[in-house]
Structure formats: C-alpha cells, structure tokens
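Q: The following block contains a protein sequence and its predicted model.
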Amino acid sequence: MKDLAGIFAFTVLVASIPFATDSGVILNFVMMALYAALLAQAWNILGGFGGQFSFGHALFFGTGAYLQAIAQLHGGLNAWLALALAVTGSAAVGVFVGALTFRYGLKGSYFALVTLAFAEVFRILALSVPFTGAGVGLMLPLQESFANMQFGSRKGYVHLVLGFVTAALLVSWWLKNSRFGAYLQAVRDNEDAARAIGVNPFGVKLGAIALSGGFMGAGGAFYVQVFQYIDPGIAYGPATSVEALVAAIVGGMGTLWGPVLGALVLHVLADLTRNLFGQLPGINMVIYGVVLVLIVMFVPRGIAGLGTTAKALWKKAGDRRG
C-alpha cells in the first residue's frame, strides 16, 4: 500500500504543476522528463522485470508513432481512437517479435541484437513505402482541440503523458506484487528452474514484451501529437532505444521508481550539457555513456538502489575491519 500511496502522491504533485505555473520552460521540462520516464518504464517491464535486454525498443516506439499518424491522415480516425490503435499495434508487434525469438530460446546478447535488427528492418521499410511518407516523413495538421489531442499549451500534454506514466507505474506495481510478476522475475533469475516448477517461460515473456511494446507505442503516439511530425530516422533510430535503456539502468532496473529517477537525472544532465556545450553535436550521448559506465561500476543497483549499495559497502568495510 505504501507504493500505491507513493504513486498517488506523485500523480497529484505532478498534476498540480501546470496549475502552479505558466512558464513554458518549466512545463516543457516536466513534459519531456515524463516522456523520458515513460520510455524507460516501457523498457524496464521487459528488461528490468523480465531480464530480456533490448537494443531495439525504437521498433515499438516507431510503430506506435506511425500508426498514430497514418490512422489520422489516411484512415480519418479520431486522435484518441488512433492512440488505441497505436498502443494495440505496438503490443502486437511485440508479440510477433517475441513469438519468433522466445520460441527458439534467444536471450541475452542474441535477443538484444535481434531487436536491433528488427528496428533497422522497419526503418528501411518506412523509407521505402509511400504511406509512411518515405524519407520525407508525415506531418499532422495543426488543429488544436481536446478531440484532436492537440492542446494550446504544454499543460494539456503534461497531463496526457502523466496519465501514461501513472499507468506504467501501476503496471510495475502489479508486476512487483502479482503472480504473473513473480513468474516473470523467476524466469529472469533462472529460466530453467522456473520451468522446473511449472512456469511457462515462453508465455510469461510474451506477455511482458506485449506490455512493454504497448507502453513504448504510447510514447511514440505522444511524440507525434506533440511535435506533429515523424520520419523513419526519428521513429526507428537508435537514439530512442538508447534513451530508454540508459534511463532504466541508471535509475535501477526491476524497480518501481528507478526509471522515473533515471529519466529525471538524465534529462537534467541533457539540459545542462545542451546549455553549456550546445555547439558540440552528440555531447549528450557522450554524457549518457559516461554516466552509464559510472553507475555500472559504482552503483550497480542504480539510483533507486543507492541505500542498498551503501549498506553493502558499509557491511563489507566492517567485515574487513573485523
């Protein structure tokens, strides 16, 4: 219940920010930090709780983004119905990829490389077919209204992405406390032992990749609604995958609040480096890499596990003194 109370308090606190300020800078920071947290939470469901590292989560992001745009431009669907299609379609792609990879026992680096390959295949397809706009991409017309999921200020987008983040937090809480979550973590820790006690690893991992893909697709749909443009490089490029996995690892994999903390820290660092070294392209990726190396070396449990890591170091130091 403490976790649920924390989720409720977090949601209320962040939801109150748009009512407390009209600053575009603050609202944009909050919106983009929440967006990064959503991507990290999506990755964490599969990579943190399930132990299935993915280097190609942009596959689900891009699918959600393109489905959101295509459904509105070519299908004439309302933006909210397009959102449902984007989430469902991304989850379905997750099931497709999982069925191909988990059926043949791919895991570890093999699974990571396969997801990266799928993202690249989808990028090439998006460059080749006309209904995605090919290399030009797709642009949504500006029609500000709640019905079109286009808001006159960042306030509406903050509340929208906050809804996604809260839903992902509730799913993470469920994974921590449910039978399915226990099965998933058992498969992560020792797949053979889990199978020996009656767990179906294939079905459990398939469910996890569907959930992960669905939330990542929601992130892609949100991106399209905010920036009203998508192209193959943005949709399926490696930057999105890197942002999602680094934030989850830095914050703490397999934890409730780790992805949120990691996204916040990395977003603050990205803004600082952009202001200090804006003339150097790609510097934010360098900072991400340095932070990731430092976290892995000195805080392997991530920011969320700082307390546990400190206790372990203190105990080790005490044993040496004894």
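A: Structure received. Numbers count the residues shown, from 1 in each chain.
Q: per-residue confidence for G302?
A: We note a pLDDT of 83 for G302 in this prediction.
Q: isn't it right next to W257, touching?
A: No: counting by Cβ atoms under 8 Å, W257 is not a contact partner of G302; they are 9.9 Å apart. Heads up, the C-betas are built off the backbone N, CA and C, glycines and all.
Q: who touches both of the two?
A: Common neighbours of G302 and W257, counting by Cβ atoms under 8 Å, 6 or more residues apart in numbering, are G251.
Q: residue boundaries of the helices in the stretch 101-250 of the chain?
A: Assigned by DSSP state H, counting those that start in this stretch, the helices in the stretch 101-250 of the chain fall at 109-128, 154-177, 179-189, 191-196, 201-227, 232-236, 238-251.
Q: Give me the distance between the closest residue in space to G62 that isn't next to it in sequence and A244.
A: Excluding its sequence neighbours, the residue lying closest to G62 (Cβ to Cβ, 6 or more residues apart in numbering) is A235, at 3.1 Å. A235 sits 14 Å away from A244, going by Cβ to Cβ, to the nearest Å.
Q: next one: R103
A: 25 Å.
Q: which one of these two has more residues nearby?
A: The neighbour count for R103 versus A244, taken as other Cβ atoms under 10 Å, is higher for A244 (30 against 10).
Q: what sits against that one?
A: Residues near A244 by Cβ under 8 Å, 6+ apart: 39-40, 42-43, 57, 61, 216.
Q: on that earlier part again, thought the residue nearest to G62 was touching A58?
A: Yes: A235 sits in contact with A58 when judged by Cβ under 8 Å, with a separation of 7.0 Å.
Q: Which one's more surrounded, these two?
A: Neighbours of A235 and A58, each counted by other Cβ under 10 Å, are more numerous for A58; the result is 31 against 27.
Q: correct me, but the more buried one touches P232?
A: No: applying Cβ under 8 Å as the test, A58 and P232 come out as separate, 10.4 Å apart.
Q: and L46, what helix or strand is that in?
A: Take DSSP states H and E as the rule and L46 turns out to sit in helix 24-47.
Q: actually V87, not the one I typed
A: Short version, using DSSP H and E: V87 is in helix 79-102.
Q: Provide a list of residues in contact with the residue nearest to the spatial centre of the chain.
A: By Cα atoms, centre = their mean, the chain has its centre lying nearest to L39, at 1.7 Å. By Cβ under 8 Å, 6+ apart, the contact set of L39 is 57, 61, 216, 219, 240, 243-244, 247, 263.
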